[in-house]
Structure formats: structure tokens, C-alpha cells
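Novice: Provided below are the primary sequence and the corresponding predicted coordinates.
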Amino acid sequence: MAPKASKAMIPNDGAMSEFVGPFDVVSPLTGQNYQVRFSHLWNGIATRHSDTVDTKFLVDGRATIVGLAHTGFVEFRTRAGRDLTDREASFVAAEYLRERLGQEDERPLYDVSAGELTRLIEQIGIR
């Protein structure tokens, strides 16, 4: 029997606060510069009574939550045959936040649909 092929993934190595390094987003619309730092993630079902995995970022020092639809995680597991790691989820949330801030859509809370989650996973190249 041939060994099972391992699935490429980004492991949860290091402190959670270091999953995504600090980054800046400059809006192409106005040149506004946003300084962003990842804080952590948690299950939003318990805290917000939402079916999400919530990620917290500080945007210019203000708390911003990006909630990733849990159904998107289930779809990924079905398609990829493995779970999305916390670090990978953090990367996806950071990419979504980059897009929104680039459009100067700055809010304290974003809810990312399963479809958007799938689009971002594919865009980043997570398999």
C-alpha cells in the first residue's frame, strides 16, 4: 500500500499573535494609510452567537473583527480532506481586511460569507 500523500498546510507554529505579521494598507482611492496588527482568533459562536470564527485585528489601534463563516470551514474540509488551520484562517481574514481597507470600507465588524471565504482560500492558494 502506498503511503498517503500529505496535504500541504500552514501549521500553527509560534504565538497566535504572530500568525500574521503587522502590515500596512494604502488605499488607492485616497492614499489613506492603515496600520494593521493581528491579535488573535476565537470561535464566534460563544461570544457573538454567530456561526463564525472571529479574528481580531487592530487597525490604527482600533479593534476590528473579521468573522469567517463556519460553513466555509466545513466546505474546505469536504473539498480538501483536512481542516483549515488557525494560521491559515488568520491569513484569509487578513486578506479580506486588506481588500476592504483598500476600498476604504473601514468598520469595526465584517462578516465574511462562505463563498467569500472559499474565494479567498483559492486566491491565497491554500490547498
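Specialist: Arrived safely, thanks for sending.
Novice: When you work out contacts or count neighbours from here on, use the C-alpha atoms and nothing else.
Specialist: Fine.
Novice: Below-threshold pLDDT in this protein: ranges please.
Specialist: In the predicted model of the chain, residues 1-11, 46-49 satisfy pLDDT under 70.
Novice: Run through the residues that contact Ser17.
Specialist: Phe38, Ser39, His40 (Cα atoms under 8 Å, 6 or more residues apart in numbering).
Novice: Beta-bridge partners for Asp54, please?
Specialist: Asp54 has the following beta-bridge partners by DSSP bridges: Trp42, Gly67.
Novice: Give me the buried stretch members for the helix or strand that contains Arg77, please.
Specialist: In the assignment (DSSP states H and E), Arg77 maps to helix 70-80. Within helix 70-80, the residues that count as buried by 16 or more other Cα atoms under 10 Å are His70, Thr71, Gly72, Phe73, Glu75, Phe76.
Novice: Equivalent analysis for stretch 12-31, please.
Specialist: Along stretch 12-31, these residues count as buried under the neighbour rule (16+ other Cα under 10 Å): Ser17, Phe19, Val20, Val25, Val26, Ser27.
Novice: What is the nearest of those to Leu120?
Specialist: Nearest to Leu120, judged by Cα to Cα, of the buried residues of stretch 12-31 is Val20 at 15.5 Å.
Novice: a helix runs through that closest one, doesn't it?
Specialist: No. Secondary structure of Val20 (DSSP: H, G, I helix; E, B strand; the rest coil): coil, not part of a helix.
Novice: Which parts of this structure are helices?
Specialist: Along the chain, counting by DSSP state H, helices occupy 44-47, 70-80, 86-102, 114-124.
Novice: quick check: angle from the last one to helix 86-102?
Specialist: Computed with axes from the mean of the first three to the mean of the last three Cα atoms, to 10 degrees, the direction of helix 114-124 lies at 100 degrees from that of helix 86-102.
Novice: show me the contacts for the residue nearest the centre of the chain.
Specialist: The residue lying closest to the centre of the chain (Cα atoms, centre = their mean) is Ala93, at 1.9 Å. Contact partners of Ala93, counting by Cα under 8 Å, 6+ apart, are Thr55, Val66, Gly67, Leu68.
Novice: Many thanks, I have nothing further to ask.
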